[in-house]
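J.: Quick one, structure for this:
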Amino acid sequence: MTSTASQSPTSGAGAAHPDHLGHVIFIAAAAAMGGFLFGYDSSVINGAVEAIRDRYDVGSAALAQVIAIALIGCAIGAATAGRIADRIGRIRVMQIAAVLFTVSAVGSALPFALWDFAAWRVVGGFAIGMASVIGPAYIAEVAPPAYRGRLGSFQQAAIVIGIAISQLVNWGLLNAAGGDQRGELMGLEAWQVMLGVMVVPAVLYGLLSFAIPESPRFLISVGRRERARDILEEVEGDRIDLDARVAEIEHAMKSEHKSAFKDLLGGSFFFRPIVWVGIGLSVFQQFVGINVAFYYSSTLWQSVGVDPTDSFFYSFTTSIINIVGTVIAMIFVDRVGRRPLALIGSVGMVVGLGLEAWAFSFDLVDGKLPATQGWIALIAAHVFVLFFALSWGVVVWVFLGEMFPNRIRAAALGVAASAQWIANWAITASFPSLADWNLSATYVIYTAFAALSIPFVLKYVKETKGKSLEEMG
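T.: Numbering: from 1, shown residues only. Reported below is the predicted structural model:
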C-alpha cells in the first residue's frame, strides 16, 4: 500500500471548468498554428515539383532527394524539441519554430541554386519536427483535464487544414500565372510565390505565441510557482484548490520515471515486442504511400495527361477529403474503437490503391489515360485518402500515445515516431524513380502493404479503447 505522505494532493482538477472557455480555446488554437504550418509546409512543395525539375534540369532520383531531404530536418527537430522545451520553455520553442518557418519560406522562394534550396527545405523540416512535438505537448499541459481530448484534437485538425489551404493557395496562384508553374507572378516564378506565401502564417504563429501563457508545468519546473498558479486559475478556473493543484503537478513531476532507450531493450529481436508493434504501426502508416498524395499528387496527375491547373484542383479536393476523413475519425475513435477503425481503413485503402494500380496499368492514349481509367484513378485516389484519414491517419497516433507501459512510454513513442519519419523519407525519396519505372507496379506495392496491415492489426495490435494508461503495463 502507498503511504498517505506519498499520495498526490487532491485539487479537484478533473472537474475543473474554466471561467472563460473561449479564452482556453484561443490558447489551444494558437498553439495548434504550429500544426497548421506542419501541414502547410509539408504539402506546399506539391505545387513546385515540376517547376523545380524543369528549372534545375534534374532527374527523378535527384528531385526526390530534394523533396525528401526536409524529412531529415523533421527527424532532428522532433528529436530535440522536447529537451529544448524543458530548458527554455514551450513558448520559446514555438517562437524558434516560427522564425525557422519564416526563414525557410523566404529562402525556399529565393534560391540561387538547387543545393541551397535543399538546405532551406531542411530548415523548414526542423521547424516541422519541432511543431509536431511542441503543439500537442503544450496543449496537453495547458488544457483543463475535462477538455483535454477535444482541445488536443486541434493539432491534427490544424495539420489537415494546413494541407488543404496550401493546395488551395497553390491552385489559385497557378491560375493567376496562366496555368504555368514557371509563369511570372509578382516578379517571380509562380512556384516561388507558392513557397513564399508561407511567410504569412509563419509570422502569425510567431505573433500568437506572444499572446498565450507559458505552460504551468514548465513554470513549476523552474520554480515560478506563483506565475504557474495564476495561469492555472486562468485556464482551469478558481473553483479548484489552486495551491493543491500546483502541489499535484509538483508531485507528479517528482514521481515520474524518465524512460531511457535501454528500457526498451529485451525480447528476441533487440526491442521489446510492444516496441516492435509501435514501429510496425508507424511503418505501415507510411508504406501505403499516403504522402505521395500530398507531395506528388499534381505531378502524378500530370504524368497521366491531366492539365496542370486541373491537377492542382484535384490536389485540393483530395485535401478536403482528408479533412472529412479526419473529422469522421475524431467522432468515432472513442465510440467504435481504434482497432475496428484501423481494419475498416485498411480494407478501404486496399480497394482504392488496387483500383489505382489497375487504372495506371493502361497505356496512355495521346498522352492521357483512357477516359474510363482516368476517372476510376481519380475516384480511387479520393477513396484511398478518405479511408486513410478516417483510420490510420488518426488511430496510429492514438495507439502510440496509449499502448506503451508508463515506464517506457516516452522513449518508445520517440522510437516509433522516428521510424515514421524514416518510413516517410523512404516513400518520398523512392516514388519518382519507382513511377518512372512502372507507376502501376508502384501502386501494387502500396496495395500490398495496405493488405498486410490487416493481419498485422489482427494478430499484434490490442485495443486500447476504454483502458487507463496504467492498464497498459
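J.: looking at this protein, which helix or strand does the model trust least?
T.: Ranking every helix and strand in the chain by mean pLDDT, DSSP states H and E puts strand 265-269 at the bottom, with a mean of 68.
J.: and the next element down the chain from that strand?
T.: strand 271 (DSSP states H and E).
J.: residues in contact with that following strand?
T.: With contacts defined as CB atoms under 8 Å, 6 or more residues apart in numbering, strand 271 is touched by 264-265, 279, 415. In this view, the C-beta of every residue, glycine as well, is placed from N, C-alpha and C.
J.: Need the max-distance pair from the residues you listed.
T.: Spatial extent of the contacts of strand 271 (CB to CB) is set by the pair 265 and 279 at 13.7 Å.
J.: The two: which has the busier surroundings?
T.: Taking neighbours as other CB atoms under 10 Å, residue 265 and residue 279 compare with residue 279 leading, 21 against 11.
J.: any idea what the more buried one is structurally, helix, strand or coil?
T.: helix (DSSP: H, G, I helix; E, B strand; the rest coil).
J.: ok, now which ones touch it?
T.: Counting by CB under 8 Å, 6+ apart, residue 279 touches 271, 415-416, 419.
J.: and which of those is nearest to residue 174?
T.: residue 419 (35.3 Å).
J.: how much space is there between that closest one and residue 277?
T.: The gap separating residue 419 from residue 277 is 11 Å, by CB to CB, to the nearest Å.
J.: neighbour-wise, which of the two wins?
T.: The neighbour comparison of residue 419 against residue 277 (other CB under 10 Å) goes to residue 277, with 23 against 20.
J.: what's that one in contact with, if anything?
T.: Residue 277 neighbours (CB under 8 Å, 6+ apart): 403, 460-461.
J.: at 7 Å what do you get?
T.: Going by CB atoms under 7 Å, 6 or more residues apart in numbering, residue 277 touches 460-461.
J.: Ok, residue 91 next?
T.: Taking CB under 7 Å, 6+ apart, we find residue 91 in contact with 209, 214.
J.: What helix or strand is it located in?
T.: Going by DSSP H and E, residue 91 is in helix 90-109.
J.: and that helix, which residues are buried?
T.: For helix 90-109, burial by neighbour count (16 or more other CB atoms under 10 Å) applies to 90-105, 107-109.
J.: Can I get it as CSV, trimmed to CA atoms?
T.: Provided in CSV are the C-alpha atoms of helix 90-109 (Å, rounded to 0.1, in the frame of the first residue of the first chain):
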residue,chain,number,x,y,z
ARG,A,90,7.4,25.8,-24.6
ILE,A,91,6.6,29.3,-25.8
ARG,A,92,10.2,29.9,-26.7
VAL,A,93,10.3,26.7,-28.8
MET,A,94,7.2,27.9,-30.7
GLN,A,95,8.9,31.2,-31.4
ILE,A,96,12.0,29.5,-32.6
ALA,A,97,9.9,27.3,-34.9
ALA,A,98,8.0,30.4,-36.2
VAL,A,99,11.4,32.0,-37.1
LEU,A,100,12.6,28.9,-38.8
PHE,A,101,9.3,28.6,-40.8
THR,A,102,9.7,32.2,-41.9
VAL,A,103,13.3,31.9,-42.9
SER,A,104,12.7,28.6,-44.7
ALA,A,105,9.8,30.2,-46.7
VAL,A,106,11.9,33.2,-47.8
GLY,A,107,15.0,31.0,-48.6
SER,A,108,13.0,28.4,-50.5
ALA,A,109,11.2,31.1,-52.5
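J.: what is the rounded mean pLDDT of that helix?
T.: Helix 90-109 carries an average pLDDT of 95.
J.: which is the next helix or strand following that helix?
T.: Heading C-terminal from helix 90-109 (DSSP H and E), you reach helix 114-142.
J.: buried set for that following helix?
T.: So for helix 114-142, counting by 16+ other CB under 10 Å, buried means 114, 117-142.
J.: Stretch 191-203 now?
T.: 191-199, 201-202.
J.: ok, residue 389 - contacts?
T.: Counting by CB under 7 Å, 6+ apart, residue 389 makes contact with 322, 325-326, 329.
J.: List buried residues within those.
T.: Looks like the contacts of residue 389 have 322, 325-326, 329 buried, using 16+ other CB under 10 Å.
J.: So which of these sit within helices?
T.: 322, 325-326, 329 (DSSP state H).
J.: So what does residue 404 look like in phi/psi?
T.: phi -90, psi 150 (degrees, to the nearest 10).
J.: Number of residues surrounding residue 218?
T.: Neighbours around residue 218, by other CB under 10 Å: 21.
J.: what about it, distance to residue 91?
T.: According to CB to CB, residue 218 stands 9 Å off from residue 91.
J.: got it, and residue 438?
T.: 49 Å.
J.: same deal with residue 237?
T.: The gap separating residue 237 from residue 91 is 22 Å, by CB to CB.
J.: Just give the nearest non-adjacent residue to residue 61, would you?
T.: If the residues on either side of it in the chain are set aside, residue 61 comes closest to residue 433, at 5.2 Å by CB to CB, 6 or more residues apart in numbering.
J.: Please tell me I have it right and that neighbour contacts residue 62.
T.: No. Using CB atoms under 7 Å as the test, residue 433 is too far from residue 62 to be in contact (10.0 Å).
J.: what do these two both touch?
T.: Jointly contacting residue 433 and residue 62 under the rule CB under 7 Å, 6+ apart is no residue at all.
J.: And whichever strand or helix holds residue 282, what's buried?
T.: If you go by DSSP H and E, residue 282 is part of helix 273-287. Residues of helix 273-287 classed as buried: 274-287 (neighbour count, 16+ other CB under 10 Å).
J.: Residue 304 reaches residue 369, doesn't it?
T.: Yes. In this structure, residue 304 is within contact of residue 369 by CB under 7 Å, at 4.7 Å.
J.: joint contacts of the two?
T.: Residues touching both residue 304 and residue 369 (CB under 7 Å, 6+ apart): residue 377.
J.: Those two - which one has more neighbours?
T.: Per other CB under 10 Å, whichever of residue 304 and residue 369 has more neighbours is residue 369, with 22 against 19.
J.: Next, give phi and psi for that one.
T.: Per degrees, to the nearest 10, the backbone of residue 369 is at phi -70, psi 150.
J.: So it versus residue 358, what's the distance?
T.: Applying CB to CB, the value for residue 369 to residue 358 is 11 Å.
J.: So which of the ones in helices among the buried ones among the contacts of residue 389 is the closest to residue 146?
T.: Distances from residue 146 to these, taken by CB to CB, are shortest for residue 329, at 21.6 Å.
J.: For stretch 79-90, what is the distance to the chain centroid?
T.: From the chain centre to the centre of stretch 79-90 is a distance of 19 Å (CA atoms, centre = their mean, to the nearest Å).
J.: Mind listing what's buried along it?
T.: Buried residues in stretch 79-90 (16+ other CB under 10 Å): 79, 81-82, 84-85, 89-90.
J.: Please apply the same query to stretch 354-374.
T.: Those would be 354-360, 362, 369, 373-374, for stretch 354-374 by 16+ other CB under 10 Å.
J.: Not counting sequence-adjacent ones, nearest residue to residue 233?
T.: residue 242 (5.7 Å).
J.: got the phi/psi numbers for the one you found?
T.: According to degrees, to the nearest 10, residue 242 has phi -70, psi -40.
J.: give the contact list for it.
T.: With CB under 7 Å, 6+ apart, residue 242 has these contacts: 229, 232-233.
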